[in-house]
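Asks: Sharing a sequence plus its predicted fold:
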Amino acid sequence: PSNSLICYECGCDQDDTTTCNCDTTSDITDNDYCAILEQRYVGTTYVQLSRIPRNSSWVYIEDPYYVLTQESIRYNLTTNQWYLWTGSVVFGCDWDLCNSPSLINSLPNSFKYNINSTWLNSNIYGTGSVTSCHHCDTEVCGDATNPSDFDQCQMVTCNTNVTSCLAYDLWNNVATGEQCYQSQCAPEYLNGANAEIYGGKYRIDIEAVVYLAKDRSKYDIWELDVYCAVNNCTRPTIFQEVSQQLTLEIGDLSAYPPIRPLPIQTTTPIPNPLRCYSCDCFNQPTCPCSSTVVSSLDYTYCVIVRENFGQQAYIYADYLKLDATLMYIEEFPYALVEESIDYNEKTGLWFTTTNFIVYGCNWNLCNKPELIPLLPNSYQMRLPEAWLNSSILGSGQPVSNCHQCPEGAQCGTTDFLEENTCPIQSCNTTCLVLDTYEDPEYDYLCYQSFCLPPDTQDYQLDRHKVEIEGIVYASQQNVVHLWEIDIYCRANDCSRPSIFKELRENLSVVPGTLAALFNETYDPNIPQRRCYDCYCHNQPNCTCERTTIMAANQTYCMIMRESYGQDVWTSLGHISQDSTRVHIQDFPYLLVEESILYDEQLNRWDTITNFVVYGCNYDLCNHPSLIPSMPNSFQMRLSEAWLNTNIKGTGQPIRNCHECPDGPQCGHSDYLDTSHCPIKECNTTCLVLDTFDKPNDDLQCYQSFCAPPDSDDFHIDTHRVEIEGLIYLNKQPLSVELWEVDIYCQADDCSRPEIFTELKSDLTVVIGDLSPFNPQTSTSSQSTNNPPTTTQSTTNPPTTTQTTNNPPTTTQSTTNPPTTTQSTTNPPTTTQSTTNPTTTTQSTTNPPTTTQPTNSPPTTTQSTNSPPTTPSKASLLTSASLFISLIITIFLMNFH
């Protein structure tokens, strides 16, 4: 059963909570729980009903059935009194529709925290001013077994305009006593005129949680923040002292049932279920894990992530959304590493650190914890110091040139930039230059540059740094593909777009040995099929040595050649077994789509081939040596007399056209009930579509409608016949079965259902020589390097530089015809999935609109949204719920 809860998704103001009585719900993400968030401000209170990712908070939620409050004991400078302020209340639960709007008014107003004012005056307020505080360069963390080393935090003198201290204590795991301590001089803004807006500089902020399925008289303190002005008030023991002084009244929580309601059994299965390990650890070389989570292979995969923070390492195993990275994942498994090359201004030396490592895979329990020690420590991505000094560090001049792209990233090749798009401006701080390689092989990138704001006490960025993300796929373990490069620089003109090409030329990488990490590349329990996987543009032979492997029970191998004017795209790869509207009855097969069009200027009928597909179902059967033998056409022809009478017509302004408003009507050729597709007058083009689901049984699906009038953005062919013919190569003698026939016509009554029977009677075909595709006997599901006999090499095809693994997707709606004014030189835009092979349905003679430059490879994107390149554990949400989840997550992850 699905693990995805149904949660309410609403928002309202406390003055009118009736607007939260909505019917909007979500159930799209597994491993979430439902929540009600109440955020209180001076003038109003906002309420959000939504869902929260299970691991979205810094402190681990032991049980997602809880009430949490964030409150503050503050000092009023006007009355010289201490008072309690409640900032937020969160209710979390984990059964369907548990965050009901009816519970809003039952949220507690406060846990009524209280500390004796005498103690507060002595230990927090004091004289109202202090000159020195403890200072920690980073968080100091420890637990009951390994106590924190507080000697790392020494007393320092604060700036003259800072008169208070700030220290916080965060319990990462209350059960084990794991906590992190940080202390510093308080931010300067707390001494300003608006200090009270931020809560003031004398206060104790408290976050505490009550688990509703446990003893409700007990609570866990998540975090304590102390803002104080007493000498040594940031001592590490202050938090224990606060806890001892603290009293509270949890109040009435009877509106929340003590026992969770029994879950409603659901029969809705998770599509393509994928089980991943789900655990996290701090500073452990291994991370024992038995907990698992189920998601869907359709939009997630399993990961192991190790993030480095100074001397500390955070490791977690979980699932990740396919679209959580800006860059497209070509295949699984993979290992991604981000490294930083930083400049130490004290020593004058460049040094390299590894920020994070991600291992991704896409079969059940593939992110097993025993792989953690095998994760690479580094790809040793290095740049010469001479290049770094001249291109990143610079000569120390106070002002340098920096391109400014205020409208966001600009995409293209390295020579794409126009002055008016990203003009050069002077910059007296750090220039930040970002670059994402959408297609590294073809130097296609997305570029952005801007001058950073000046540093402040609370906001300081590196002045000289290069961050590089590199990915290695199991199929090419000695090749590091660059994903993204971020440059922080002060050299003059360091934001020039060509700097990324120069960097790549100077970069050296040593990925090391990854054979143990990539020992398994697929689920050993599921039979696999290996196919050649490349694409080529205007290359008759399309040499290819790259292969990929996918589940044999879901895919087969294919070669596709698509023609767009003078451009030809050839694709080799996997194709999903259920990707075609008409069922494939046998392998191997050849499919050809041809269009018969009327040329108004020459007054003649012409025939063109749109695409040819070869499909087969054994390892490496789509060998590139077969490409030159792909048929150019089946020469599917109709007599001109028939075309003139039944398609072109006599030119009358209004004609009869059947209209099927309820969609395609399916049955045998004599099935049509005119009440389902009544005849209407049509003064444009009549579109008549026929799909032969079972050609041998004369079972077909019929659709007809009158096309909308042409406009500046929409033009349709007035006289055209598109025919898809299929040959099963195992059936002798060879014959062409019709898959689909689409008719664009202006003859009267050209949409009559029997026109397809008449067309079949008039149609002639010439198959030609298909002997290179004679079926080969496969004796094993394992890889074979013996393709059909050919005069070209059959064991070692030439090396190719193509890296993208999925060919272009071609689709056509059964109700909306393609426009005919689109470019015939650009290939189609392709939307690719990392788990599902390319879907090939019906194509048209005109490719879809594309924004890519001529002769560029197809753009590959990952579906739904664009999160940051740093792996995100965000859930698949709608725009609204993503925003709501973001608000809640920000609240839960108090960032200091």
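Replies: Structure received. Numbering: from 1, shown residues only.

Asks: Break this protein down into its structural domains.
Replies: Listed domain ranges for the chain are 7-247, 275-520, 525-631, 634-723+738-770 (source: the TED database).

Asks: Deepest in the core, which of the ones you listed is it.
Replies: Comparing the domains of the chain by mean neighbour count (mean count of other C-beta atoms under 10 Å), domain 525-631 ranks first with a mean of 20. Any C-beta I mention is one placed from the backbone N, CA and C, and that applies to glycine too.

Asks: how far is it from where the chain is centred?
Replies: Centre-to-centre, domain 525-631 and its host chain are 28 Å apart (C-alpha atoms, centre = their mean, to the nearest Å).

Asks: so which of the domains of the chain gets nearest Lys731?
Replies: Closest of those to Lys731 is domain 525-631, at 6.9 Å (criterion: C-beta to C-beta).

Asks: still on that earlier bit, wait, which of the domains of the chain is closest to Ala255?
Replies: Closest to Ala255 of the domains of the chain, according to C-beta to C-beta: domain 7-247, at 3.6 Å.

Asks: what would the domains of the chain look like in CSV with distance to Pro258?
Replies: Listed next are those as CSV, based on distance: least, C-beta to C-beta, whole Å:
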stretch, distance to Pro258
domain 7-247, 7
domain 275-520, 26
domain 525-631, 43
domain 634-723+738-770, 51
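
Asks: Redo those as JSON lines? Include mean pLDDT.
Replies: Output for the domains of the chain, formatted as JSON lines (pLDDT from 0 to 100):
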{"stretch": "domain 7-247", "mean pLDDT": "87"}
{"stretch": "domain 275-520", "mean pLDDT": "86"}
{"stretch": "domain 525-631", "mean pLDDT": "90"}
{"stretch": "domain 634-723+738-770", "mean pLDDT": "85"}
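
Asks: Specify the stretch among the ones you listed that is closest to Pro269.
Replies: Comparing the domains of the chain by C-beta to C-beta, domain 275-520 comes nearest, at 9.8 Å.

Asks: beta partners of Ser563?
Replies: Bridge pairing for Ser563 (DSSP bridges) gives the partners Val568.

Asks: That one contacts Ile608, doesn't it?
Replies: Yes - using C-beta atoms under 8 Å, Ser563 makes contact with Ile608 at a distance of 7.2 Å.

Asks: List the contacts of Tyr447.
Replies: Listed by C-beta atoms under 8 Å, 6 or more residues apart in numbering, the contact partners of Tyr447 are 405, 409-412, 416-417, 422, 433-435, 497, 500.

Asks: Okay, and which of the residues you listed map to helices?
Replies: Members of the contacts of Tyr447 lying in helices (criterion: DSSP state H): Phe500.

Asks: could I get the contacts of Tyr447 as CSV with distance to Asn506?
Replies: Shown next, in CSV, are the contacts of Tyr447 (distance: C-beta to C-beta, whole Å):
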residue, distance to Asn506
Cys405, 24
Ala409, 24
Gln410, 24
Cys411, 24
Gly412, 22
Phe416, 22
Leu417, 21
Cys422, 23
Val433, 16
Leu434, 19
Asp435, 15
Pro497, 16
Phe500, 11
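
Asks: Name the nearest of the contacts of Tyr447 relative to Asp143.
Replies: Closest to Asp143, out of all of the contacts of Tyr447 and judged by C-beta to C-beta, is Leu434, at 38.2 Å.

Asks: Which strand or helix spans the closest residue to that closest one other than its chain neighbours?
Replies: Spatially, and ignoring its direct neighbours in sequence, Leu434 is nearest to Gln448 (4.6 Å; C-beta to C-beta, 6 or more residues apart in numbering). Gln448 is part of strand 444-451 when elements are defined by DSSP states H and E.

Asks: and that strand, how far from the chain's centre?
Replies: Per C-alpha atoms, centre = their mean, the centroid offset for strand 444-451 relative to its chain is 20 Å.

Asks: Quick one: the helices in the stretch 151-300 of the chain, in order.
Replies: 238-245 (DSSP state H, counting those that start in this stretch).

Asks: which residues in it form strands?
Replies: 154-157, 165-173, 178-185, 203-211, 220-228, 273-277, 279-282, 292-296, 300-309 (DSSP state E, counting those that start in this stretch).

Asks: for the fifth one, packing partners?
Replies: To tie it back to what came earlier, the one meant is strand 220-228. If you count contacts as 3 or more C-beta pairs under 8 Å, 6 or more residues apart in numbering; DSSP states H and E, strand 220-228 packs onto strand 165-173, strand 203-211, helix 238-245.

Asks: and of these, who's closest to Asp13?
Replies: Nearest of the helices and strands packed on strand 220-228 to Asp13, taken as C-beta to C-beta: strand 203-211 at 24.2 Å.

Asks: Just say helix, strand or coil for the residue sitting nearest the centre point of the chain.
Replies: Against the mean C-alpha coordinate of the chain, by C-alpha atoms, centre = their mean, the closest residue is Asp323 at 1.0 Å. Under DSSP: H, G, I helix; E, B strand; the rest coil, the three-state class of Asp323 is helix.

Asks: quick one: it from Leu482, how far?
Replies: Using C-beta to C-beta, to the nearest Å, one gets 20 Å for the distance from Asp323 to Leu482.

Asks: Also Phe150?
Replies: 42 Å.

Asks: need the contact list for His719.
Replies: Leu597, Tyr598, Leu643, Ile647, Lys648, Tyr744, Cys745, Gln746.

Asks: Nearest to Cys276 among the residues you listed?
Replies: Using C-beta to C-beta, Tyr744 comes nearest to Cys276 of those, at 48.6 Å.

Asks: Now do the contacts for the closest residue to that closest one other than its chain neighbours.
Replies: For Tyr744, ignoring the flanking residues on the chain, the nearest one in space by C-beta to C-beta, 6+ apart is Arg720 at 4.2 Å. Going by C-beta under 8 Å, 6+ apart, Arg720 touches Ser595, Ile596, Leu597, Tyr598, Ile647, Asp742, Ile743, Tyr744, Thr845.

Asks: now swap in Ser378 and tell me
Replies: Ser378 makes contact with Val337, Glu339, Thr352, Thr354, Gly512, according to C-beta under 8 Å, 6+ apart.

Asks: ok, and it, which helix or strand is that part of?
Replies: Here Ser378 is assigned to no helix or strand, by DSSP H and E.

Asks: Please settle this for me: is Asn121 part of a strand?
Replies: No - Asn121: not assigned to a strand; according to three-state DSSP it is helix.

Asks: distance of it from Ala167?
Replies: 18 Å.

Asks: in the sheet, who's paired with Gln476?
Replies: Applying DSSP bridges to Gln476 yields these beta-bridge partners: Tyr473.

Asks: if we can go back for a sec, contact partners for the residue nearest to Leu434?
Replies: Contact partners of Gln448, counting by C-beta under 8 Å, 6+ apart, are Cys405, Gly408, Ala409, Gln410, Val433, Leu434, Asp435.

Asks: Sounds good, over and out.
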